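Participant: Provided below are the primary sequence and the corresponding predicted coordinates.
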Amino acid sequence: MNCLVLLIIALCVFTLAYRYYAAFIAARVLMLDDSRTTPAVTRNNGRDYVPTNKWVVFGHHFAAIAGAGPLIGPTLAAQYGWGPGFFWILIGSVAAGAVHDMVILFGSMRHGGQSLAVIARRDVSKLSGVMTGIAILFVIIVSLAGLGLAVVNALQRNPWGVFSIAMTIPIAMLAGLYMFRWRPGAILSGSLVGVMLVCAAVFCGPWIADSSMSDWFTIEKPMLSWLLPVYGFCAATLPVWLLLAPRDYLSTYMKIGVVAALVVGLVIVHPVIQMDFTTRFVNGGGPIINGPWWPYVFITIACGAISGFHSLIGSGTTPKLIEKESHIPMIGYGAMLTEAFVALMALIAAVTLVPADYFAINSSAAAFKALGMTVKDLPMLNQLVGLDVAHRPGGAVSLAVGMAHVFANVGDGLCHTMKYWFQFIIMFEALFIMTTIDAGTRVGRYILQDVLGFAMPIFRRMDWLPGVLLTGGAISIAWGYLLCTGDISAIWTLFGTVNQTLSALALAIGTTIILRVSPRKKFALITAIPCLFMTVVSFTAGLLNICAYHAKGDTARMAISITVLIVATIVIADNVRVWIKLLKAEKPAGINNQRENEPARPDVPD
């Protein structure tokens with residue numbers, strides 16, 4: 001089958017869903033009203049709450065939710081064939097993921113831009129608020145480990161890639177100093193110089209790899225697994241304007257450019273899909289993800305269709321920037337559909353590889369040998385990219401090979417450029433993962449400081465250096481331990497399960513919100529049905545994971561899985577209790593944004 005067929009089907013479905021379903025939710029369910037003043041206006045402080053143009057907010061929200069998850073997850077899920085992943089991305093994003101994002105964004109705005117844990121505490125109970133906070137902390141720790149492993153597998157024994165990524169750190173810091181300290185407001189010139197320097201770091205890579213300095217940047221997996229958490233600790237404790245903000249800003253240009261180029265490349269090359277609709281691993285026993293397609297397709301694809309992590313963004317910075325409630329559908333629903341389209345392109349890039357080559361890249365040498373497959377184009381691909389890409393699991397490498405192969409075939413004579421495309425895409429993926437590590441470690445530090453603040457109030461002071469260092473170190477050690485002691489099968493399935501469990505919790509809270517505001521109680525089904533589905537999926541995967549970890553003696557991951565399932569049970573049961581009460585009421589109870597008479601407490605950046 002030609003990949004253009006899948007692209008056209010997806011574009012038609014996404015367009016119709018946005019035009020009709022998002023409009024229905026906005027007008028009939030949430031009853032968005034521009035006469036209501038948004039938190040960005042009422043609490044405008046020029047720092048956290050700032051009324052912002054809707055296209056700028058859309059760009060920020062999309063960059064924040066679309067990290068490496070929609071690239072890596074679909075690539076790994078290609079193990080089951082192109083069919084299961086394609087249809088879950090298509091249906092899941094329209095009926096669950098985009099609804100999840102839109103409703104939580106609405107709820108946070110009606111609560112003054114507060115977090116998901118605060119919403120749960122006010123609209124459900126204090127117990128649900130605490131349990132939701134614990135779930136969020138676990139999601140952050142596990143997701144950082146899963147994304148970190150993809151970077152480690154892509155950069156091990158890759159001096160070109162390590163050099164390019166390493167150079168982005170001083171480049172981002174120079175851009176930060178230039179735009180925020182030396183010439184405040186000089187965004188255009190700082191952006192141009194920063195992007196050119198990042199591209200130069202890629203093109204200087206071959207010279208470094210062939211020079212005597214290559215040994216400095218040839219790092220084995222164990223060392224990279226420790227260096228990454230150390231970097232995360234440093235990034236989480238540095239001022240946000242020095243590294244996090246400029247890196248995120250510069251990498252956004254790369255994301256937009258690469259995604260647009262991939263769309264053009266797929267249209268021009270329109271490669272044929274090599275993978276079957278379903279593979280022999282659909283019932284389990286795969287070399288990448290050992291479990292069956294149910295429930296692991298829904299767990300592995302994660303952010304490409306629905307993600308609990310999005311609820312952290314939708315109740316974080318984004319609701320503090322929106323000028324009007326009518327902008328919610330474009331930002332909440334539209335950004336999720338855009339991310340789903342990116343996930344679909346990642347899936348296509350993976351399934352256009354020869355199956356044997358795909359499995360050779362994404363599995364260990366022993367696992368691939370047991371498959372009895374023979375590689376076809378892999379030796380040629382190794383030569384073209386200038387690196388042995390075999391047995392580098394994690395999804396990042398096979399995605400880079402697939403995308404580079406598309407770009408190199410756009411025109412005659414471009415095959416020799418494949419090594420540049422490959423390293424550029426590796427840096428593109430790694431940059432976004434590193435940005436997630438920056439932000440995720442920092443957010444985890446904020447949450448841990450807030451939790452410890454109940455016992456020692458001084459921990460809540462963001463300017464208290466010992467608290468910053470202790471909490472930043474604790475979060476880095478936690479996800480660093482998971483990174484150093486796991487493989488992609490163990491870490492990614494744990495991340496997907498915890499992440500999708502949080503999406504079930506967010507949908508449960510979203511159902512409570514709809515029951516509180518909508519005059520027609522049946523409208524709550526738009527979140528209740530996805531909530532039920534994601535609860536069954538995440539609990540099934542969680543139980544399968546617990547059995548697998550128990551068999552391996554992996555007590556740490558088993559303990560995380562058990563804790564998350566207990567937390568999820570408490571929160572969902574507590575929400576059901578509130579649903580029953582609200583269903584008996586004749587009129588909507590309204591958003592309970594005055595329960596504890598809490599003052600707004602926006603996130604305080606360093």
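Facilitator: It's in. Because the structure is a prediction, the values reported are computed rather than measured.
Participant: and N409, what is it in contact with?
Facilitator: Applying C-beta atoms under 8 Å, 6 or more residues apart in numbering to N409 gives the contacts V269, P271, C415. C-beta here means a position set from N, CA and C on the backbone, and glycine is covered the same way.
Participant: Go ahead and confirm the last one touches A408.
Facilitator: Yes - assessed by C-beta atoms under 8 Å, C415 is found in contact with A408 at 5.1 Å.
Participant: These two - which one has more neighbours?
Facilitator: More crowded of C415 and A408, by other C-beta atoms under 10 Å: A408, with 23 against 13.
Participant: Mind pulling up the pLDDT for the more buried one?
Facilitator: As predicted, A408 sits at a pLDDT of 73.
Participant: before we move on, back to that, want to throw the contacts of N409 into TSV with distance to M213, secondary structure and pLDDT?
Facilitator: Shown next, in TSV, are the contacts of N409 (distance: C-beta to C-beta, whole Å; DSSP: H, G, I helix; E, B strand; the rest coil; pLDDT from 0 to 100):
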residue	distance to M213	secondary structure	pLDDT
V269	36	helix	84
P271	37	coil	86
C415	28	helix	71
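Participant: Quick check, pLDDT for L242.
Facilitator: Reading off the model, L242 has pLDDT 71.
Participant: related to what we said a few turns ago, quick one: which of the contacts of N409 is nearest V578?
Facilitator: V578 lies nearest to P271 out of the contacts of N409, by C-beta to C-beta, at 50.3 Å.
Participant: In the stretch 201-350 of the chain, where is pLDDT below threshold?
Facilitator: 240-241, 243-245, 247-253 (pLDDT under 70).
Participant: residue ranges of the helices in it, please?
Facilitator: Secondary structure of the stretch 201-350 of the chain, counting by DSSP state H, counting those that start in this stretch: helices at 205-209, 214-217, 221-237, 244-269, 293-301, 309-314, 328, 335-351.
Participant: These: which one's closest to I25?
Facilitator: helix 328 (9.3 Å).
Participant: elements contacting that closest one?
Facilitator: Under the contact criterion of 3 or more C-beta pairs under 8 Å, 6 or more residues apart in numbering; DSSP states H and E, helix 328 touches helix 98-110.
Participant: residues of the helix it packs on that come out buried?
Facilitator: 98-110 (16 or more other C-beta atoms under 10 Å).
Participant: how much does the next helix or strand after that helix deviate in direction from helix 98-110?
Facilitator: Later in the chain than helix 98-110, the nearest helix or strand by DSSP states H and E is helix 116-123. For helix 116-123 against helix 98-110, the angle by axes from the mean of the first three to the mean of the last three C-alpha atoms, to 10 degrees is 70 degrees.
Participant: shaky segments in the stretch 1-150 of the chain?
Facilitator: Looking at the stretch 1-150 of the chain by pLDDT under 70, you get 47-48, 67.
Participant: in it, which spans are helices?
Facilitator: Using DSSP H, counting those that start in this stretch, helices in the stretch 1-150 of the chain cover 3-16, 22-24, 39-42, 54-65, 69-77, 82-92, 98-110, 116-123, 126-155.
Participant: Tell me which of those is the most buried.
Facilitator: For those, average neighbour numbers computed from mean count of other C-beta atoms under 10 Å are highest in helix 69-77, which has a mean of 31.
Participant: ok, A541 - contacts?
Facilitator: So A541 contacts G291, P295, Y296, F298, I299, T493, G496, T497, Q500 (C-beta under 8 Å, 6+ apart).
Participant: Surely it is within a strand?
Facilitator: No - A541 sits outside any strand when classified using DSSP: H, G, I helix; E, B strand; the rest coil, being helix.
Participant: mind checking pLDDT for it?
Facilitator: 96.
Participant: Now stretch 174-189: buried residues?
Facilitator: By neighbour count on 16+ other C-beta under 10 Å, the buried set for stretch 174-189 is L174, A175, G176, Y178, M179, F180.
Participant: Nearest to M427 among the residues you listed?
Facilitator: For the buried residues of stretch 174-189, the nearest to M427 is A175 (16.0 Å; C-beta to C-beta).
Participant: That closest one and V195, how far apart?
Facilitator: 9 Å (C-beta to C-beta, to the nearest Å).
Participant: same deal with S225?
Facilitator: 30 Å.
Participant: So which of the two has more stuff around it?
Facilitator: S225 (22 against 18).
Participant: Excluding chain neighbours, what is closest to the more buried one?
Facilitator: C484 (4.5 Å; C-beta to C-beta, 6 or more residues apart in numbering).
Participant: before we move on, which element is that neighbour in?
Facilitator: Per DSSP H and E: helix 465-485 holds C484.
Participant: what helices or strands is that helix leaning on?
Facilitator: Checking 3+ C-beta pairs under 8 Å, 6+ apart, helix 465-485 ends up next to helix 126-155, helix 221-237, helix 418-452, helix 488-517, helix 555-584.
Participant: Out of those helices, the one nearest Y333 is which?
Facilitator: Using C-beta to C-beta, the helices and strands packed on helix 465-485 put helix 488-517 closest to Y333, at 13.1 Å.
Participant: so what's I546 up against?
Facilitator: I546 makes contact with M558, S561, I562, L565, according to C-beta under 8 Å, 6+ apart.
Participant: which of the residues you listed count as buried?
Facilitator: Judged by 16+ other C-beta under 10 Å, buried ones among the contacts of I546: M558, S561, L565.
Participant: mind giving me TSV with those and columns for distance to P170?
Facilitator: Listed next are the buried ones among the contacts of I546 as TSV, based on distance: C-beta to C-beta, whole Å:
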residue	distance to P170
M558	41
S561	40
L565	43
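Participant: Put together JSON lines for those, with distance to L149 and pLDDT on each row.
Facilitator: Shown next, in JSON lines, are the buried ones among the contacts of I546 (distance: C-beta to C-beta, whole Å; pLDDT from 0 to 100):
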{"residue": "M558", "distance to L149": "19", "pLDDT": "93"}
{"residue": "S561", "distance to L149": "18", "pLDDT": "94"}
{"residue": "L565", "distance to L149": "23", "pLDDT": "95"}
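Participant: Return the distance of the nearest residue to V99 once chain neighbours are set aside relative to I509.
Facilitator: Using C-beta to C-beta, 6+ apart and skipping the chain neighbours, the partner closest in space to V99 is I526 (5.7 Å). Noted for I526: a distance of 14 Å to I509, by C-beta to C-beta.
Participant: Those two - which one has more neighbours?
Facilitator: Using other C-beta under 10 Å, the more surrounded residue of I526 and I509 is I509, with 29 against 24.
Participant: can you pull the contacts of the residue nearest to that one when sequence neighbours are not counted?
Facilitator: Leaving aside its chain neighbours, I509 sits nearest to A120 (5.4 Å; criterion: C-beta to C-beta, 6+ apart). When contacts are counted by C-beta under 8 Å, 6+ apart, A120 touches S128, G129, M131, T132, L505, I509, V571.
Participant: hmm, try it at 6 Å
Facilitator: Listed by C-beta atoms under 6 Å, 6 or more residues apart in numbering, the contact set of A120 reads S128, G129, T132, I509.
Participant: Ok, V517 next?
Facilitator: With C-beta under 6 Å, 6+ apart, V517 has these contacts: P588.
Participant: I509 versus that one, what's the distance?
Facilitator: Using C-beta to C-beta, V517 is found at 13 Å from I509.
Participant: Check E325 too.
Facilitator: 19 Å.
Participant: Where does the prediction get shaky in the stretch 401-550 of the chain?
Facilitator: Along the stretch 401-550 of the chain, the parts satisfying pLDDT under 70 run over 411-414, 462, 488.
Participant: Just name the closest of the buried residues of helix 98-110 to M1, please.
Facilitator: Closest to M1 out of the buried residues of helix 98-110 is A98 (26.2 Å), distances taken as C-beta to C-beta.
Participant: Tell me if I'm right that the closest one and Y333 touch.
Facilitator: Yes - A98 lies in contact with Y333 (C-beta atoms under 6 Å); the separation is 4.3 Å.
Participant: Pretty sure A235 sits against D438.
Facilitator: Yes - the criterion here is C-beta under 6 Å, and A235 meets it with D438 at 4.3 Å.
Participant: re the thing from before, name the nearest of the buried ones among the contacts of I546 relative to L155.
Facilitator: Nearest to L155 among the buried ones among the contacts of I546, counting by C-beta to C-beta, is S561 at 28.6 Å.
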